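Asks: Just need the structure, nothing else, for what follows:
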Amino acid sequence: MPVRRTFLPAVGAAEGAAALARVLAQRGCEVRAPGDGANAPASGMRVFRDAGVVQSGVDVAWVLEESAAEAGGWDAALAQALSAKTGGFAVSVETSRTPGRAGYAVFFAGRSIEFISENQAQAAFAEGLASEGVYAAFAQAYPLLTGWPFPEPQIWADLKPVAAAQCPAEPAGRPMPDEPGEADVAGKLALAVFPLVAGDEFSAAWRGVVPTAMTNWTWQAAETATAHIPYVMLTRAGDLDVALCESLAAQLDVPAAAVGLNGPGAPFDWWRAQSSQRGAGVGAESFAGALMPALSALGERPGIIRLR
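Replies: Predicted coordinates for the structure are as follows:
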C-alpha cells in the first residue's frame, strides 16, 4: 500500500480536519464517517486519517491517506487545495514499493514551491531509491518549516478513519516549464514580512509611504503563538515591489524580508532589508531561507506564515 502523508504547519488538528472535509465536499466526494463503511472501505474507496501535533505551542495538522493502489495515484492536488484553503504551507509525499510511485511537493497559499512528480523522482534518484529520496526530502521539510524534529510514527496511531467514495485523484499545479497544461490554483503572489511591528505602527508607516490610489495590497497584523511578538504580512496577487518594501522597512527600521512567486516554471524573487539584498531562488529550502532574516527576529520558522 502506498504511503501518502501531508502536513500543514501552524494549522490545528480541528481546523485541518475541517479543511479536509471542505475540500473533499467541493470535489463532490461521498464522505463516510467512522462506522459508516470507513473502517472497511470498498474497493477503490480512499481512506483518510487526520491528526495534529503540538510542539512548544505550535500546531501542525496531518492528513494521512491509507488508500489501496487501485484507489488512484498520488493526489498532490489535495495538498495544494489544503494549502489554498488554510493560506499557508502544505507538504505532501507519496512513497511505495511499486516502481514509479513516488512524489514530493511543497505548496504555499495554493502556489507550488517545489514539486517532484513520480516520473521526476525516478529520474532524480537511483532506480529503486525514489521512495527513500522523496521521503527524506519530506522529512527534512518538517524542521525547515517548524524548527522541530520530524515526529515519531506513534502520533498517527489509533486515529479514526474517514472514507471518501467517488473521489478520484486530481493533477496538481507543477512549477515545471515542460508541463504547461498544469497551472497553479492562483497566479503570482508577493509576500513581505515586517517583524517587531504592531498593526497601528505599520498603518501609520503605510499612510506615509503608499499613495492612496494603491489599493491592490493587503496587510494583516499578527503575533507569534507563544511569545506574542507582533509582525505584519503584506501581500498582493502580483509582482514583488522592492521599492515599496524598502521604503516601508526604512520607515519602520526593521529587518524585513519578502518573496515574489512568479508562477509555474519560474524562479521566485526575494529581497531582504539588511544591506538591501535581492535575488532569485528555487525550491522550498531557498524559499524558507529568503524569509528567515525577518522570522529570526521573531524567533520563528517560516511555517508560521499564513494568509487569512
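Asks: alpha carbons only for contacts and neighbour counts from here, please
Replies: Noted.
Asks: Show me the longest strand that occurs in this structure.
Replies: Scanning the chain for the longest strand, with DSSP state E as the assignment, gives strand 46-55.
Asks: My guess is residue 73 contacts residue 117. True?
Replies: No. Contact between residue 73 and residue 117 fails when scored by CA atoms under 8 Å: they sit 11.1 Å apart.
Asks: circling back to that earlier point, please name every helix or strand in contact with the longest strand of the chain.
Replies: The contact analysis (3 or more CA pairs under 8 Å, 6 or more residues apart in numbering; DSSP states H and E) places strand 46-55 against helix 13-26, strand 58-65, strand 162-165.
Asks: And residue 73 and residue 117? Which one has more around it.
Replies: For residue 73 versus residue 117, neighbours defined as other CA atoms under 10 Å are more numerous around residue 117 (22 against 19).
Asks: Nearest spatial neighbour of the more buried one, chain-adjacent residues omitted?
Replies: residue 103 (4.8 Å; CA to CA, 6 or more residues apart in numbering).
Asks: What separation do you get for that neighbour and residue 29?
Replies: 23 Å (CA to CA, to the nearest Å).
Asks: For the two, work out which one has more neighbours and name it.
Replies: Between residue 103 and residue 29, counted using other CA under 10 Å, residue 103 has the larger neighbour count: 28 against 17.
Asks: Quick one: the strands in the stretch 101-250 of the chain, in order.
Replies: Assigned by DSSP state E, counting those that start in this stretch, the strands in the stretch 101-250 of the chain fall at 103-108, 111-116, 162-165, 189-195, 218-223, 230-236.
Asks: looking at the ones you listed, which is closest to residue 140?
Replies: Closest to residue 140 of the strands of the stretch 101-250 of the chain is strand 103-108 (CA to CA; 11.6 Å).
Asks: Now do the helix ranked longest in the chain against strand 46-55, angle only.
Replies: As assigned by DSSP state H, the longest helix anywhere in the chain is helix 130-146. Helix 130-146 runs at 40 degrees relative to strand 46-55, counting by axes from the mean of the first three to the mean of the last three CA atoms, to 10 degrees.
Asks: Deepest-packed of the strands of the stretch 101-250 of the chain, please.
Replies: strand 103-108 (a mean of 28; mean count of other CA atoms under 10 Å).
Asks: Give me the angle between that strand and strand 111-116.
Replies: 160 degrees.
Asks: quick one: strand 103-108 to chain centroid distance?
Replies: Put simply, strand 103-108 sits 7 Å off its chain's centre (CA atoms, centre = their mean, to the nearest Å).
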